[in-house]
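Asks: Show me how the following folds:
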Amino acid sequence: MSAEQYQSTFIQEQFADRIGGSGYGKDTNIYKFEKIKRAKVAAKKAHPDVELIDMGVGEPDEMADAGIVAKLAEEAAKPENRGYADNGIAEFKQAAAKYLQEVFSVDGIDPETEVLHTIGAKPALAMLPTVFINPGDVTIMTVPGYPVMGTHTKYLGGEVFNVQLTKENNFLPDLDAIPEAIARRAKLLYLNYPNNPTGAAATIEFFEKVIAWAKKFGVIVVHDAPYAALTYDGAKPFSFLSVPGAKDVGVELHSLSKSYNMTGWRIGFIAGNPLIVKAFGDVKDNNDSGQFIAIQKAAAYGLANPQITEAISAKYSRRHDLLVAALNEIGFRAEKPKGSFFLYVEAPKGIVGGQRFESAEDFSQYLIRENLISTVPWDDAGKFVRFSVTFIAQGEAEEARVINEIKRRLTDVQFEF
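Replies: Predicted coordinates for the structure are as follows:
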């Protein structure tokens with residue numbers, strides 16, 4: 001064996017079991033998003049002159065507001081902002097507490113003890129299991145959903161229990177269906193409303209039930225709320241923390257990524273129970289040295305100007321109206337969500353007299369391959385595909401053109417539902 005081969009073998013044997021151990025990198029399975037990426041590349045290569053309409057990207061299609069960008073430039077030029085931010089600046093925490101009060105009617109949040117900035121919501125979700133999970137503990141997740149908290153629970157030797165979000169239950173988890181033995185071992189319950197990917201919204205009654213259930217079984221509630229300010233048709237932004245008792249059992253995560261077109265800026269916050277926030281801060285202090293102070297100050301400017309989000313919501317609402325109408329004319333059963341920029345619809349069974357779709361993934365791959373329309377499939381609880389209204393389009397006329405083009409492409413065949 002050569003020295004190079006030995007070194008390669010030596011490294012291969014050192015990988016932690018949590019990422020695959022000695023088998024790391026040898027898995028031949030192709031994951032969903034990689035399949036989508038490959039299919040898009042193949043479709044563009046096969047049809048170089050046809051526009052690929054990307055309805056799968058969960059990322060805003062526009063820049064952050066000019067005022068936020070200007071504030072960043074102003075603050076970035078100040079030498080006092082150049083250093084480590086550690087667990088954040090008071091100005092951002094105060095802005096976050098005021099934002100919760102003004103936009104979500106959440107009273108009584110102490111910015112000093114009940115708010116901390118995060119470098120986006122994803123790192124916060126990744127860190128929270130470190131605060132609570134010991135080997136053998138359980139995190140309860142909803143599927144379909146965002147898996148990062150479950151991934152880190154497993155890294156720590158914990159277990160994940162999945163609860164399906166079904167159309168029959170309005171895409172809310174059935175807490176009564178969770179076995180009591182699981183509930184008593186659980187440390188964390190993860191929720192996300194408005195929901196990715198279903199677009200479903202939670203109700204006061206549902207959160208009241210969550211709080212009572214959490215108190216009964218001693219479970220911490222983590223509500224991930226990056227889409228909470230993106231609401232439509234008169235629905236007001238709604239926070240878990242606005243429900244009496246919520247702060248007794250949990251925390252809420254907010255992010256400016258989706259509501260302020262600031263995905264790459266990586267800024268958000270955690271708010272709620274002061275003991276949880278304190279413990280999270282201790283873990284965070286051992287993971288990062290804080291987000292750039294100028295970004296925090298620019299974000300504080302954004303939080304103080306919620307009309308920025310209101311304008312973004314109006315655009316997404318308009319696009320949802322167009323997309324829902326177009327899909328329903330084709331035969332889909334699409335319902336406009338109350339929040340988020342996602343539209344979640346059941347996949348057709350197949351094409352009349354032609355191809356069958358055994359899964360949502362089959363249909364999603366068909367859309368990319370044959371129609372150059374990219375969506376995200378979900379087969380966790382039924383066969384659904386997720387459209388995102390963050391497609392690239394400048395202005396209302398261009399939005400209408402894109403939707404009409406989708407409709408034209410999808411009426412080349414007749415789908416069976």
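Asks: Can you verify residue 111 is assigned to a strand?
Replies: No - using DSSP: H, G, I helix; E, B strand; the rest coil, the secondary structure at residue 111 is coil, not a strand.
Asks: Count the neighbours of it for me.
Replies: Residue 111: 20 surrounding residues under other Cβ atoms under 10 Å. Backbone N, C-alpha and C define where each C-beta goes, glycine included.
Asks: Show me where the stretch 301-417 of the chain has its helices.
Replies: Secondary structure of the stretch 301-417 of the chain (DSSP state H, counting those that start in this stretch): helices located at 307-330, 360-371, 396-410.
Asks: other SSEs contacting the longest one?
Replies: What that stands for is helix 307-330. Contact here means 3 or more Cβ pairs under 8 Å, 6 or more residues apart in numbering; DSSP states H and E; on that basis helix 307-330 packs against strand 342-346, helix 396-410.
Asks: quick revisit: got the helices of the stretch 301-417 of the chain as JSON lines, with mean pLDDT columns?
Replies: What follows is those, written out as JSON lines (pLDDT from 0 to 100):
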{"stretch": "helix 307-330", "mean pLDDT": "98"}
{"stretch": "helix 360-371", "mean pLDDT": "96"}
{"stretch": "helix 396-410", "mean pLDDT": "97"}
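Asks: ok, and which of those has the densest surroundings?
Replies: Mean neighbour count (mean count of other Cβ atoms under 10 Å) peaks for helix 360-371 among the helices of the stretch 301-417 of the chain, with a mean of 21.
Asks: Tell me what angle that helix forms with strand 342-346.
Replies: Computed with axes from the mean of the first three to the mean of the last three Cα atoms, to 10 degrees, the direction of helix 360-371 lies at 110 degrees from that of strand 342-346.
Asks: Could you list every helix and strand in contact with helix 360-371?
Replies: Counting contacts by 3+ Cβ pairs under 8 Å, 6+ apart, helix 360-371 packs against helix 32-46, strand 373-374, strand 376-378, strand 384-388.
Asks: Adding distance to residue 301, write the helices and strands packed on helix 307-330 out as JSON lines.
Replies: What follows is these, written out as JSON lines (distance: least, Cβ to Cβ, whole Å):
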{"stretch": "strand 342-346", "distance to residue 301": "28"}
{"stretch": "helix 396-410", "distance to residue 301": "28"}
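Asks: before we move on, back to that, and the helices and strands packed on helix 360-371, which one's lowest on average pLDDT?
Replies: Lowest mean pLDDT within these: helix 32-46, at a mean of 91.
Asks: Tell me how far it lies from the chain's centre.
Replies: Helix 32-46 sits 22 Å away from the centroid of its parent chain (Cα atoms, centre = their mean, to the nearest Å).
Asks: sorry, back to before: of all the helices and strands packed on helix 307-330, which lies closest to residue 161?
Replies: Among these, the nearest to residue 161 by Cβ to Cβ is strand 342-346 (22.7 Å).
Asks: just the angle between that closest one and strand 384-388, please?
Replies: Using the same axes, to 10 degrees: strand 342-346 against strand 384-388 is 150 degrees.
Asks: Can you list the strands that strand 342-346 pairs with?
Replies: Strand 342-346 sits in its sheet next to strand 384-388 (antiparallel), going by DSSP bridges.
Asks: How about residues contacting the strand it pairs with?
Replies: Residues outside strand 384-388 that contact it (Cβ atoms under 8 Å, 6 or more residues apart in numbering) are 55-58, 144, 197-198, 323, 327, 341-347, 360, 363-364, 367, 375-378.
Asks: With adjacent residues omitted, what lies nearest to residue 214?
Replies: residue 249 (4.1 Å; Cβ to Cβ, 6 or more residues apart in numbering).
Asks: what sits against the one you found?
Replies: 211, 214, 215, 219, 220, 221, 273.
Asks: Ok, residue 290 next?
Replies: So residue 290 contacts 84, 85, 86, 87, 88, 117, 119 (Cβ under 8 Å, 6+ apart).
Asks: Now do the SS call for it.
Replies: Three-state call for residue 290 (three-state DSSP): coil.
Asks: Name the nearest residue to it, ignoring sequence neighbours.
Replies: Residue 290 sits nearest to residue 85 (Cβ to Cβ, 6+ apart), 2.9 Å away.
Asks: Which phi and psi values does that neighbour adopt?
Replies: phi -90, psi -20 (degrees, to the nearest 10).
Asks: Then residue 128?
Replies: Dihedral angles (degrees, to the nearest 10) for residue 128: phi -60, psi -40.
Asks: right, and it touches residue 187 too?
Replies: No - using Cβ atoms under 8 Å, residue 128 is not in contact with residue 187; the gap is 9.9 Å.
Asks: who has more neighbours, the two?
Replies: Neighbour count, other Cβ under 10 Å: between residue 128 and residue 187, residue 128 has more, with 29 against 19.
Asks: what's the distance between the more buried one and residue 65?
Replies: To residue 65, residue 128 is 30 Å away according to Cβ to Cβ, to the nearest Å.
Asks: Next: residue 202.
Replies: Distance, residue 202 to residue 65, by Cβ to Cβ: 28 Å.
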